[in-house]
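Novice: quick one: sequence plus predicted model below, questions after.
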Amino acid sequence: MSKYSAYCGKLLRVNLTNSVISEENIEDEILEKYIGCNGLGAYYLYKETKKGVEPLGEDNKLIFFTGPLTGTIFPSAPKVGIFSKSPLTKGFMDSYAGGHLGAELKFSGYDGLIIEGKSEKPVYLWINDGCAELRDASDYWGKTTTATREAIKRDLNEPLVRIAAIGPSGEKLVSYSCIMVDGTHAAGRGGLGAIMGAKNLKAVAVKGTKNCIRIAHKEETQKIVDDLFHEIRTNKVLNSGLPTYGTTGATTANNSTGILGTRNWQTETFEDAEKISNVELADKLFEKTLSCFQCPVRCIHFCKIKDGKYSGLETVKPQYETVYSFGSLCGISEPNVIAMANHLCNEAGLDTISVGVSIAFIMECFEKGILMEPDLNGIKAEFGNSDSLISLLEKVAANSGIGEFIGQGTKIMSEKLGQGTEKFAIHIKGLELAGHSVRGYKGMSLGYAVSPRGGSHQDMRHLPERSGQFDRRSIEGKEQLVHNVMATTVIRDSFTYCAMVEDNIGRVGLTEKHLNIINAICGFNFDLADLQKISDRIINLERCFSVREGMDRKDDILPERFMTEPIPEGPSEGMYTPKEELDIMLDKYYQLRGWDANGVPLFETIKELNLDDIIQVPLR
Amino acid sequence: MKRIIVDENKCSGCRVCEATCSYIHEDAINPKLSRISIINTGVLEETPKAVVCRQCEEPKCADACATGALSFSNTKQIVIFNEELCVNCGLCASACPYGAITLHIIKGSPVKCDLCDGDPSCIKNCTSKAIKLIDSSDEIEVRRKWFGIS
Amino acid sequence: MQNNNKIQIEVNVKFLFGLEQGLPIENRQVTVKLSEQYTVKHLIEVLENMYPRLKENIRYGGNFVSYLNIVVNGCEVLPIHAGNREITTGDQVVLMYVGVGG
């Protein structure tokens, strides 16, 4: 039992090789150093894996963690983070899913799970209020995520359990497989589903009713929570925009400033953006508004295709990233097709961003004559051809024919193809790019380059520049901006509150708000310098992990397209980030972080952050 | 009688009401300690069902209670619970035809809605505006008016 | 040109990400004629007179909401700089919420 409130103080260790399941305490000292979720995930992953660990091997670990805010009365903090060494980037990977699983896990008595080893046959983990067992999942192998959840609920006779499951793609080790949480959420990025598949772990089912979560300082917490509820209720984006459209408003917003990735980022304006706008999608697809545990923002929608193609399909609606990856990026202007593609990914267990970007890459190869119809199992992979998009997607989901090639991700595909395809392979560190421009925001250029995950928009955020608060066209001061924004995103993911409310808590640099939240809810006595040090510690730990696995400055690089081709038209015409500009920003950023010119954390930095207990130098 | 009703079409299933209720009454957050339960059913957990005490004028829970710990109060117009009389037998929970009484995970006593003395905390934070306090025994009429069901 | 108050300019204004909610605007865009003053601030005042409900969408307690995004020809203009940003015929002005995305 921890002296700090809101935690369970325990984790569950599950060894799949010998089927031993044990409980472990999480020491208060570790909570003080790493706070939760992102911090704890990074700590245990670094400590418990050896240098050079094979992502899909028995020795890699799959770690689940909640944050201290999960399962409390703090609004919009439902997330569960999943951590491992990525099969896609071969570096540190964290991906977060909303829904109710995180809270359920805490109500069952655990802050997190460490899954290790490899099962001989397919199993799933059943956590029933503090009792855990591994059960046979042979009958579920090959089933889609929804069919798996339904079968587990039926077989356990527990219709209300919360389930994280992989689909057939994860079983077949497709390198960007996701882990679906319930029917509506995904820990999407970096191929964590393939790690579950490699371990023969089909699902994790959780029921939690017994553990009570307590708050340290009632009055302070109530005031923080009341204030945040008030802000959410009076904020048009949070109380009207997101409940009506989810995040899909970004499509036309990005298009209006000329930074909407189109046809594999050949351009950044899409002539049919209006056809896949939030208004069109809401009109054609969205039905009921849904939400995660304890979240008044409600950005999810149950979706039903009302007429036309795939009419009658009932599924969860695509969010902005998916509208980008299957829409503008593949030149598709039909909302129904985007919804269907999203549905296929959810059922097969694929990351919608990575698969969309990979297919857009194939489409450009086709356009340039590098790949022809016979190479693509007879599929005419033109931009804008929705039947081809769905056919290619089905191949990836089944990991058959050309799908097996596409499922390796953009980086491997371009390395195998050669012929100059590296120039338009849109990935960073192997992770396909999210739907926020690299070229259109100088801060994002740097932020993407140094993101531990790679092409993720959740380490650096595009919003400080999108709002005009910082000039997106200038490299001036961007090292400090990235430093400050990443301090908040890593704290966000450690506390764990959702990106939807990050503006209300503070997006650029840590604030008294961050501090008051964690002190009031958990009973810490941190000051702002402590919190800053914790965020620096976690960022450096993630960096050290990736450096240990062979990454450094050479990997802090952007896709060649963004460093050599200016945006050809539209409001952001002419913008790009040449290598020289990136290098200037990298030098300054490394210096600010206490890293050497090659991007490797200095020993003084490691020692200063009290990381020398788990980090052995030299790192490699 | 007064009671809480939930418009399940508006409800997004966020369970803010559960966490708030549990915290206000029990100082701890646990869905089983909440007087209101939102059960997310459906293939995509998209169909929230709300379960909360209906404050019956002829309550089955009170009929089942041997000690008189539960009874309908004519002055308050709700079913009241007197903890001092309760022997934690659990018969009330079995007797409630709506499944609206759960048993306290530590004490074993019934966990049931007391309308927070007329100002229910669950309503306050429901951004979907799906929860309402009504004062009528004619449920059909209320549903017609409020949910637009004709 | 700005000093010649006889000149009228026409700008196209677009409303994105739900900012148009409750306003009688078709296709989420409108053409506005301006005379005398030619800044974004003035344009917004004219719009607020045309659509009184717009105030609810872009202001809280009299000030612009922090998540209001003004874009002129693809360039972001901070609300506090709206008074200085001049516009002219043919300009495309977008009012939208910063939103979140992703």
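Specialist: Arrived safely.

Novice: and the helices in the stretch 401-550 of chain A?
Specialist: Using DSSP state H, counting those that start in this stretch, the helices of the stretch 401-550 of chain A run over A:402-406, A:410-417, A:442-450, A:463-466, A:478-495, A:502-505, A:512-522, A:528-548.

Novice: so can I have TSV of those helices showing mean pLDDT?
Specialist: Below are the helices of the stretch 401-550 of chain A laid out as TSV (pLDDT from 0 to 100):
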stretch	mean pLDDT
helix A:402-406	97
helix A:410-417	98
helix A:442-450	98
helix A:463-466	91
helix A:478-495	98
helix A:502-505	93
helix A:512-522	98
helix A:528-548	98
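
Novice: quick one, what contacts residue A:59?
Specialist: A:49-50, A:53 (C-beta atoms under 8 Å, 6 or more residues apart in numbering or on different chains). The C-beta positions use only the backbone N, C-alpha and C, and glycine is treated the same way.

Novice: part of a helix, is residue B:133?
Specialist: No: under DSSP: H, G, I helix; E, B strand; the rest coil, residue B:133 falls outside any helix and is assigned strand.

Novice: wait, it touches residue B:120, no?
Specialist: Yes: between residue B:133 and residue B:120 a contact is recorded at 5.7 Å, counting by C-beta atoms under 8 Å.

Novice: which of the two has more neighbours?
Specialist: residue B:120 (25 against 15; other C-beta atoms under 10 Å in any protein chain shown).

Novice: looking at that one now. What's its pLDDT?
Specialist: The score at residue B:120 is 96. That number is its pLDDT.

Novice: what does the one 4 residues further on give?
Specialist: Residue B:124 is assigned a pLDDT of 93 by the prediction.

Novice: gap between the residue nearest to it when sequence neighbours are not counted and residue B:29?
Specialist: Nearest residue to residue B:124, sequence neighbours excluded (C-beta to C-beta, 6 or more residues apart in numbering or on different chains): residue B:20, at 7.3 Å. Using C-beta to C-beta, to the nearest Å, residue B:20 is found at 9 Å from residue B:29.

Novice: try residue A:251
Specialist: For residue A:251, the distance to residue B:29 equals 37 Å [C-beta to C-beta].

Novice: with residue A:492 instead?
Specialist: 21 Å.

Novice: likewise for residue A:299?
Specialist: For residue A:299 relative to residue B:29 (C-beta to C-beta), the value is 22 Å.

Novice: and for residue A:51?
Specialist: Distance, residue A:51 to residue B:29, by C-beta to C-beta: 41 Å.

Novice: which of the two has more neighbours?
Specialist: Higher neighbour count among residue A:51 and residue B:29: residue B:29, with 27 against 11, using other C-beta under 10 Å.

Novice: what residues are up against the more buried one?
Specialist: A:71-73, A:212-215, B:19, B:22-23.

Novice: and if you look at residue A:32?
Specialist: Counted by C-beta under 8 Å, 6+ apart, residue A:32 has contacts residue A:524.

Novice: at 10 Å what do you get?
Specialist: Residue A:32 makes contact with A:4, A:522, A:524-526, A:530, A:534, according to C-beta atoms under 10 Å, 6 or more residues apart in numbering or on different chains.

Novice: mind checking which of those are buried?
Specialist: Using 16 or more other C-beta atoms under 10 Å in any protein chain shown as the burial test, the contacts of residue A:32 include A:4, A:522, A:524, A:526, A:534 as buried.

Novice: tell me which helix or strand of chain C sits lowest on mean pLDDT?
Specialist: strand C:75-77 (a mean of 87; mean pLDDT, DSSP states H and E).

Novice: all the helices of chain B, in order from the start?
Specialist: With helices called from DSSP state H, chain B shows them at B:16-26, B:60-64, B:91-95, B:121-124, B:139-147.
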